[in-house]
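predicted model and sequence below, questions to follow.
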Amino acid sequence: MSQRKKVLLKVIILGDSGVGKTSLMNQYVNKKFSTSYKATIGADFLTKELLIDDRTVTLQLWDTAGQERFQSLGVAFYRGADCCVLVYDVTTPKSFDTLDSWRDEFLIQASPRDPESFPFVVLGNKTDVGEERRAVSAKKAGQWCQSNGKQMPYFETSAKDNLNVEQAFEVIARQALAQEESEDFGDGGFGGDVLDVNGMMERENSSCAC
Ligand code: GDP
Ligand code: MG
(Lines give C-alpha, C1' and ligand atoms only; values in the text may rest on other atoms or scores of the structure.)
(Ligands and ions follow the chains in the order given, each with its own letter.)
Protein backbone atom coordinates (compact mmCIF):
# COMPACT_ATOMS: atom_id res chain seq x y z
CA MET A 1 0.00 0.00 0.00
CA SER A 2 2.78 2.39 0.87
CA GLN A 3 4.04 2.12 -2.72
CA ARG A 4 0.86 3.81 -3.98
CA LYS A 5 1.36 6.85 -1.82
CA LYS A 6 2.73 9.85 -3.58
CA VAL A 7 5.84 11.11 -1.96
CA LEU A 8 6.82 14.75 -1.76
CA LEU A 9 10.53 15.42 -1.61
CA LYS A 10 11.71 18.87 -0.61
CA VAL A 11 15.02 19.92 -2.11
CA ILE A 12 16.78 23.18 -1.22
CA ILE A 13 19.15 24.77 -3.74
CA LEU A 14 21.82 27.01 -2.23
CA GLY A 15 24.84 28.90 -3.47
CA ASP A 16 25.98 32.44 -4.19
CA SER A 17 23.91 34.75 -6.32
CA GLY A 18 24.67 34.31 -10.04
CA VAL A 19 26.01 30.73 -9.96
CA GLY A 20 23.02 29.45 -11.97
CA LYS A 21 20.62 27.96 -9.40
CA THR A 22 17.49 29.31 -11.07
CA SER A 23 18.84 28.39 -14.52
CA LEU A 24 19.52 24.80 -13.46
CA MET A 25 16.01 24.41 -12.07
CA ASN A 26 14.49 26.00 -15.13
CA GLN A 27 16.47 23.77 -17.46
CA TYR A 28 15.49 20.67 -15.52
CA VAL A 29 11.79 21.46 -15.02
CA ASN A 30 10.90 23.62 -18.04
CA LYS A 31 13.68 22.70 -20.50
CA LYS A 32 14.45 26.37 -20.97
CA PHE A 33 17.52 28.54 -20.60
CA SER A 34 17.61 32.32 -20.65
CA THR A 35 20.68 34.52 -20.69
CA SER A 36 18.88 37.52 -19.31
CA TYR A 37 19.63 37.83 -15.62
CA LYS A 38 16.63 37.55 -13.38
CA ALA A 39 17.19 37.41 -9.65
CA THR A 40 13.80 35.93 -8.94
CA ILE A 41 11.47 33.57 -10.75
CA GLY A 42 8.45 34.87 -8.89
CA ALA A 43 7.74 31.61 -7.10
CA ASP A 44 9.19 29.92 -4.09
CA PHE A 45 9.53 26.54 -5.72
CA LEU A 46 9.12 24.51 -8.89
CA THR A 47 7.80 20.97 -8.87
CA LYS A 48 8.49 18.02 -11.09
CA GLU A 49 7.01 14.56 -10.92
CA LEU A 50 9.24 11.63 -11.74
CA LEU A 51 9.47 7.88 -11.40
CA ILE A 52 12.21 6.41 -9.26
CA ASP A 53 12.21 2.67 -9.79
CA ASP A 54 8.47 2.05 -9.48
CA ARG A 55 7.64 4.97 -7.25
CA THR A 56 6.10 8.25 -8.29
CA VAL A 57 7.74 11.09 -6.45
CA THR A 58 7.18 14.82 -6.59
CA LEU A 59 10.33 16.85 -6.35
CA GLN A 60 9.74 20.26 -4.85
CA LEU A 61 12.74 22.40 -5.74
CA TRP A 62 13.12 25.47 -3.52
CA ASP A 63 14.86 28.44 -4.98
CA THR A 64 16.27 31.34 -3.00
CA ALA A 65 14.40 33.78 -5.25
CA GLY A 66 17.23 36.30 -5.19
CA GLN A 67 17.42 36.60 -1.41
CA GLU A 68 20.71 34.74 -1.06
CA ARG A 69 22.63 37.99 -0.59
CA PHE A 70 20.75 38.78 2.58
CA GLN A 71 21.03 35.30 4.03
CA SER A 72 17.56 35.84 5.43
CA LEU A 73 15.78 32.87 4.00
CA GLY A 74 14.11 31.95 7.27
CA VAL A 75 13.37 28.65 8.91
CA ALA A 76 10.29 27.87 6.78
CA PHE A 77 12.52 27.77 3.71
CA TYR A 78 14.68 25.02 5.20
CA ARG A 79 12.13 23.10 7.26
CA GLY A 80 11.57 19.48 6.21
CA ALA A 81 14.27 19.44 3.54
CA ASP A 82 15.18 15.96 2.26
CA CYS A 83 18.28 16.98 0.29
CA CYS A 84 20.40 20.11 -0.07
CA VAL A 85 22.03 21.02 -3.37
CA LEU A 86 25.11 23.27 -3.17
CA VAL A 87 25.88 25.09 -6.42
CA TYR A 88 29.00 27.02 -7.36
CA ASP A 89 30.22 28.55 -10.62
CA VAL A 90 33.43 26.95 -11.99
CA THR A 91 34.59 30.38 -13.24
CA THR A 92 34.25 32.07 -9.81
CA PRO A 93 36.55 30.77 -7.03
CA LYS A 94 34.69 32.77 -4.39
CA SER A 95 31.48 30.90 -5.13
CA PHE A 96 33.39 27.68 -4.41
CA ASP A 97 34.94 29.05 -1.20
CA THR A 98 31.52 29.97 0.19
CA LEU A 99 30.23 26.38 -0.08
CA ASP A 100 31.43 25.84 3.51
CA SER A 101 29.22 28.63 4.81
CA TRP A 102 26.23 27.52 2.74
CA ARG A 103 26.57 23.99 4.13
CA ASP A 104 26.93 25.31 7.70
CA GLU A 105 24.01 27.69 7.26
CA PHE A 106 21.86 24.82 6.02
CA LEU A 107 22.78 22.58 8.95
CA ILE A 108 22.06 25.34 11.46
CA GLN A 109 18.74 26.39 9.95
CA ALA A 110 17.36 23.00 8.91
CA SER A 111 18.88 21.19 11.92
CA PRO A 112 18.43 17.69 10.48
CA ARG A 113 18.16 14.87 12.99
CA ASP A 114 21.45 13.35 11.88
CA PRO A 115 23.66 16.06 10.30
CA GLU A 116 26.43 13.54 9.53
CA SER A 117 24.25 11.48 7.21
CA PHE A 118 22.13 14.26 5.69
CA PRO A 119 22.47 14.19 1.87
CA PHE A 120 24.15 17.09 0.08
CA VAL A 121 24.85 17.11 -3.66
CA VAL A 122 27.40 19.54 -5.14
CA LEU A 123 27.10 21.04 -8.63
CA GLY A 124 29.92 22.90 -10.39
CA ASN A 125 27.97 24.88 -13.00
CA LYS A 126 28.83 26.78 -16.23
CA THR A 127 31.26 24.14 -17.53
CA ASP A 128 30.28 25.19 -21.08
CA VAL A 129 32.59 28.24 -20.82
CA GLY A 130 35.65 26.16 -21.67
CA GLU A 131 38.86 25.21 -19.89
CA GLU A 132 40.54 28.61 -20.31
CA ARG A 133 37.87 30.35 -18.22
CA ARG A 134 37.61 27.64 -15.60
CA ALA A 135 38.99 28.73 -12.24
CA VAL A 136 38.13 25.77 -9.98
CA SER A 137 39.40 22.33 -10.95
CA ALA A 138 37.24 19.23 -10.79
CA LYS A 139 39.94 17.72 -8.56
CA LYS A 140 39.70 20.49 -5.99
CA ALA A 141 35.91 20.25 -5.94
CA GLY A 142 36.06 16.47 -5.62
CA GLN A 143 38.40 16.78 -2.64
CA TRP A 144 36.02 19.16 -0.88
CA CYS A 145 33.15 16.72 -1.45
CA GLN A 146 35.19 13.93 0.15
CA SER A 147 36.38 15.94 3.10
CA ASN A 148 32.89 16.46 4.48
CA GLY A 149 32.26 13.29 6.40
CA LYS A 150 29.88 11.42 4.16
CA GLN A 151 31.00 11.60 0.53
CA MET A 152 28.91 14.16 -1.36
CA PRO A 153 28.04 13.30 -4.98
CA TYR A 154 29.57 15.86 -7.36
CA PHE A 155 28.45 16.84 -10.88
CA GLU A 156 29.85 19.30 -13.37
CA THR A 157 26.89 20.88 -15.10
CA SER A 158 25.86 23.44 -17.67
CA ALA A 159 22.35 24.83 -17.38
CA LYS A 160 23.03 26.58 -20.69
CA ASP A 161 23.94 23.48 -22.72
CA ASN A 162 21.86 21.08 -20.60
CA LEU A 163 24.94 19.08 -19.61
CA ASN A 164 24.55 16.61 -16.75
CA VAL A 165 21.42 18.40 -15.48
CA GLU A 166 19.06 15.42 -15.80
CA GLN A 167 21.71 13.08 -14.32
CA ALA A 168 22.36 15.38 -11.37
CA PHE A 169 18.68 15.77 -10.49
CA GLU A 170 18.15 12.01 -10.76
CA VAL A 171 20.80 11.50 -8.07
CA ILE A 172 19.37 14.40 -6.05
CA ALA A 173 15.92 12.77 -6.18
CA ARG A 174 17.31 9.38 -5.16
CA GLN A 175 19.22 10.88 -2.25
CA ALA A 176 16.12 12.79 -1.14
CA LEU A 177 13.95 9.67 -1.34
CA ALA A 178 16.44 7.65 0.70
CA GLN A 179 16.53 10.42 3.30
CA GLU A 180 12.73 10.66 3.42
CA GLU A 181 12.49 6.89 3.87
CA SER A 182 15.06 6.83 6.64
CA GLU A 183 13.10 9.53 8.46
CA ASP A 184 9.83 7.61 8.02
CA PHE A 185 11.53 4.60 9.50
CA GLY A 186 12.62 6.67 12.47
CA ASP A 187 9.10 7.80 13.32
CA GLY A 188 7.43 4.43 12.87
CA GLY A 189 6.32 4.95 9.29
CA PHE A 190 4.22 8.05 9.81
CA GLY A 191 6.28 10.42 7.76
CA GLY A 192 4.87 13.91 7.60
CA ASP A 193 5.55 14.40 3.93
CA VAL A 194 3.20 11.96 2.26
CA LEU A 195 0.48 14.28 1.20
CA ASP A 196 -2.32 15.20 -1.04
CA VAL A 197 -0.20 16.11 -4.02
CA ASN A 198 -3.20 16.90 -6.24
CA GLY A 199 -4.55 19.43 -3.79
CA MET A 200 -1.13 20.96 -3.55
CA MET A 201 -0.82 21.26 -7.33
CA GLU A 202 -4.14 23.08 -7.56
CA ARG A 203 -3.13 25.57 -4.94
CA GLU A 204 0.21 26.02 -6.57
CA ASN A 205 -1.24 26.61 -10.04
CA SER A 206 -3.69 29.16 -8.77
CA SER A 207 -0.94 31.23 -7.23
CA CYS A 208 1.74 30.80 -9.88
CA ALA A 209 3.09 34.15 -11.02
CA CYS A 210 5.12 32.88 -13.98
P1 GDP B 1 21.25 32.32 -9.57
O2 GDP B 1 21.39 33.69 -9.03
O3 GDP B 1 22.14 31.34 -8.87
O4 GDP B 1 19.83 31.84 -9.60
O5 GDP B 1 21.77 32.36 -11.08
P6 GDP B 1 20.94 32.49 -12.44
O7 GDP B 1 20.31 31.19 -12.80
O8 GDP B 1 20.06 33.67 -12.36
O9 GDP B 1 22.12 32.73 -13.48
C10 GDP B 1 22.98 33.84 -13.38
C11 GDP B 1 23.58 34.16 -14.74
O12 GDP B 1 24.42 33.09 -15.17
C13 GDP B 1 22.52 34.33 -15.85
O14 GDP B 1 22.95 35.37 -16.70
C15 GDP B 1 22.53 33.01 -16.56
O16 GDP B 1 22.15 33.15 -17.90
C17 GDP B 1 24.00 32.58 -16.42
N18 GDP B 1 24.13 31.11 -16.38
C19 GDP B 1 23.44 30.24 -15.61
N20 GDP B 1 23.82 28.99 -15.84
C21 GDP B 1 24.78 29.04 -16.80
C22 GDP B 1 25.57 28.06 -17.48
O23 GDP B 1 25.46 26.83 -17.27
N24 GDP B 1 26.47 28.51 -18.39
C25 GDP B 1 26.61 29.84 -18.67
N26 GDP B 1 27.52 30.19 -19.58
N27 GDP B 1 25.89 30.80 -18.06
C28 GDP B 1 24.98 30.41 -17.14
MG1 MG C 1 18.14 32.78 -8.82
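Yep, that arrived. Numbers count the residues shown, from 1 in each chain. Ligands and ions are numbered 1, 2, ... in the order given.

what does this structure put close to ligand 1?
Proximity of the chain to ligand 1, by CB under 6 Å from any ligand atom, involves residues 15, 17-23, 35, 37-38, 125-126, 128-129, 158-160. Quick note: C-beta positions are derived from backbone N, CA and C, even for glycine.

show me where the chain has its strands.
All strands of the chain, identified by DSSP state E, fall at 7-14, 45-52, 55-62, 83-89, 120-125, 154-156.

report the buried residues of stretch 21-29.
21-28 (16 or more other CB atoms under 10 Å).

ok, now which ones touch Glu166?
Neighbour list for Glu166: Tyr28 [criterion: CB atoms under 8 Å, 6 or more residues apart in numbering].

repeat for Glu156
90, 123-124, 127, 138, 141, 163-164.

just the residues of the chain next to ligand 1: which are in helices?
Taking DSSP state H, the ones among the residues of the chain next to ligand 1 that sit in helices are 21-23.

in JSON lines, list those residues along with pLDDT.
Shown next, in JSON lines, are those (pLDDT from 0 to 100):
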{"residue": "Lys21", "pLDDT": "94"}
{"residue": "Thr22", "pLDDT": "91"}
{"residue": "Ser23", "pLDDT": "94"}
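
what about this protein, any weak spots by pLDDT?
1-4, 36-43, 65-72, 185-210 (pLDDT under 70).

what's the closest non-adjacent residue to Pro112?
Phe118 (4.3 Å; CB to CB, 6 or more residues apart in numbering).

state the distance from that neighbour to ligand 1.
For Phe118, the distance to ligand 1 (CB to the nearest ligand atom, to the nearest Å) stands at 22 Å.
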